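> structure, please.
(chains A and B)
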Amino acid sequence: MLDPHLFRTDIDAVQVQLKRRAVEFDVERYTQLEKRRKAIQVKTQALQNEKNVISKSIGQAKAKGEDTQPIFDKIGGLGDELKAAEVELAQIQADMLAIMEALPNILDASVPAGKDEDENIELSQWGEKPQFDFEIKDHVDLGVLHQGMDFETGAKITSARFVVLKGQIARLQRALIQFMLDTHIDEHGYDETYVPFIVNADSLYGTGQLPKFADDLFKVSAEPDLYLIPTAEVPVTNIVRDEILEADSLPLKMVCHSPCFRSEAGAYGRDVRGLIRQHQFEKVELVQIVKADESEQAHEALTADAENILQKLGLAYRKVLLCAGDTGFSSTKTYDLEVWLPGQDKFREISSCSNFKDFQARRLKARWRNPETGKPELVHTLNGSGLAAGRTLVAILENYQTVSGDIEIPKVLQSYMGGLTVIKV
RNA sequence: GGAGAGGUGGCUGAGUGGCCGAAAGCGGCGGUCUUGAAAACCGUUGAAGGUUUAUCCCUUCCAAGAGUUCGAAUCUCUUCCUCUCCGCCA
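Numbering: from 1, shown residues only, chains lettered A, B, ... in the order given. Modelled structure (predicted):
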């Protein structure tokens, strides 16, 4: 949610900013609503005040044993008038909220113009793409060859876009998760965090998935409204919902492994083959809660933490700054890390690191108390994948394959694989 | 799932229709005292919004929502949550 104050002080700037996202914001309509809101709020509060004063005087009169009838005569139609004003005010506030909560975050000044992923800016590349002097296989062929990846059975048990992993392939994914968690905890200073994988609607509202993106979620209960998490970002960030944090407790740095569930509505026909786009996948998520003036630096650091995993795994990747049209709804600025996948001859997203500034915090009512003013201030929230484990598994298989179809295990994972150095066919 | 008890400010905890946004204690902040600190004492201390140059003032908020009433933390209904006991169970 954007700052309502901004809408009252510089609404034209809001419009200009939203235009970068190709969002048409109707200033005229909003201004009209705001004008009516103010008038009716003032009227409502005046009526409420009148009611309070009269009611209070009845209480005082009764206490003194005076006749209250003259006071009751003054009330007249006040109640009905007040009720009507309150209803109208509530309606206008609901209309304005509906507009506000559908608006995306304002982009950082450094975000380049552009309408889709083709206009993202590559900032850097790391590592060498492996050279193969044989006909390479993609991760599906490799997984099947090792009898460790079974999409047919996944479809039988559930539906398309689910998979069964077995044997060393399954273990390799688990090794990746453990390695990522340990690295973030021991080297990058994150707190290990375990959370519910089912969340309520308030939590999804807080991080911005609801009300706009309900179609992407799996709903598991209607009463109460409960959903499977699309990412650990939701439960982890919601730890600070409705909280006023002490200054010395910040920054909060949390790392959490979880399964993620996405309905992938609107992704029909995309990445139908393999593990790239599943309804259920494993991810290690980094979340930071920081003071406002620290979030940009934290964003760089968090991204570097994710990059460090790729570097330790020896996977070639590039860092991309998302353009205006590709940056997510709640984000001011997003770096994507794209890993090299030989099977696709392409870089593919494996991590997305975003700075939400106060956008989520405003929805979450997540604040910290500034000792200098004594007043609560909104925190800034950030998160990033560190990394998506399913896609990392894909990258390991494809980048570390040999002519015979064996998979060499990167040094840092070997201890997590019981000392194994290569997964043989 | 069955039975019962509850949800009040940063925390503990009073308050069962009328100066209650809420006693008291703890904590926090400021001060007195002290070489300094502690103790003691005094004062102060919730959030959101409106109006305002600012102060003042006003509105809303006692789990959430609806209702009764001139007036609700307090009465009624619904929902959610927590705790205790029983049952079931990884």
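
> contacting residues for whatever residue of the stretch 1-150 of chain A ends up closest to RNA strand B?
Closest residue of the stretch 1-150 of chain A to RNA strand B, Cβ to the nearest atom of the strand: A:Gly59 (2.8 Å). Where C-beta positions appear, they are placed from N, C-alpha and C, glycine not excepted. Applying Cβ atoms under 8 Å, 6 or more residues apart in numbering to A:Gly59 gives no contacts.

> quick one: name whatever helix or strand follows the helix or strand containing it.
Assigned by DSSP states H and E, A:Gly59 belongs to helix A:27-64. Scanning forward in sequence from helix A:27-64 by DSSP H and E, the next helix or strand is helix A:69-75.

> coming back round to it: show me what counts as buried in the helix holding A:Gly59.
A:30, A:33-34, A:36-37, A:40, A:44, A:47 (16 or more other Cβ atoms under 10 Å).

> now for the closest residue to A:Asp116 other than its chain neighbours, how many residues are close by?
The spatially closest residue to A:Asp116, leaving aside those adjacent along the chain, is A:Gly325, at 5.2 Å (Cβ to Cβ, 6 or more residues apart in numbering). Residues lying near A:Gly325 (other Cβ atoms under 10 Å) number 18.

> quick one, what contacts the closest residue to A:Glu24 other than its chain neighbours?
Spatial nearest neighbour of A:Glu24, excluding adjacent residues (Cβ to Cβ, 6+ apart): A:Leu18 at 7.8 Å. Residues near A:Leu18 by Cβ under 8 Å, 6+ apart: A:24-25, A:103-104, A:106.

> make a PyMOL selection of the buried ones in those residues.
Buried members of these, identified by 16+ other Cβ under 10 Å, are gathered into one PyMOL selection as follows:
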select buried, chain A and resi 25+103+104+106
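
> check which helix or strand the residue nearest to A:Asn238 when sequence neighbours are not counted maps to.
Once flanking residues are discounted, A:Asn238 sits nearest to A:Ser203: 4.2 Å by Cβ to Cβ, 6+ apart. For A:Ser203, the element it lies in under DSSP H and E is helix A:201-207.

> OK, contacts around the closest residue to RNA strand B within the stretch 101-250 of chain A?
The stretch 101-250 of chain A approaches RNA strand B most closely through A:Pro224 (4.6 Å), counting by Cβ to the nearest atom of the strand. Residues in contact with A:Pro224 (Cβ under 8 Å, 6+ apart) are A:200-201.

> about what we covered before: which other helices and strands does the helix or strand following the helix holding A:Ser203 contact?
The element immediately downstream of helix A:201-207 (helix or strand, assigned by DSSP H and E) is strand A:219-222. The contact analysis (3 or more Cβ pairs under 8 Å, 6 or more residues apart in numbering; DSSP states H and E) places strand A:219-222 against strand A:225-228.

> who does the strand it packs on pair up with?
Taking DSSP bridges as the criterion, strand A:225-228 sits next to strand A:198-200 (antiparallel), strand A:219-222 (antiparallel) in its sheet.

> weakest of those by average pLDDT?
Lowest mean pLDDT within these: strand A:219-222, a mean of 82.

> that strand: how far from the chain's middle?
20 Å (Cα atoms, centre = their mean, to the nearest Å).

> list the contacts of that strand.
Contacts of strand A:219-222 (Cβ under 8 Å, 6+ apart): A:198, A:225-228.
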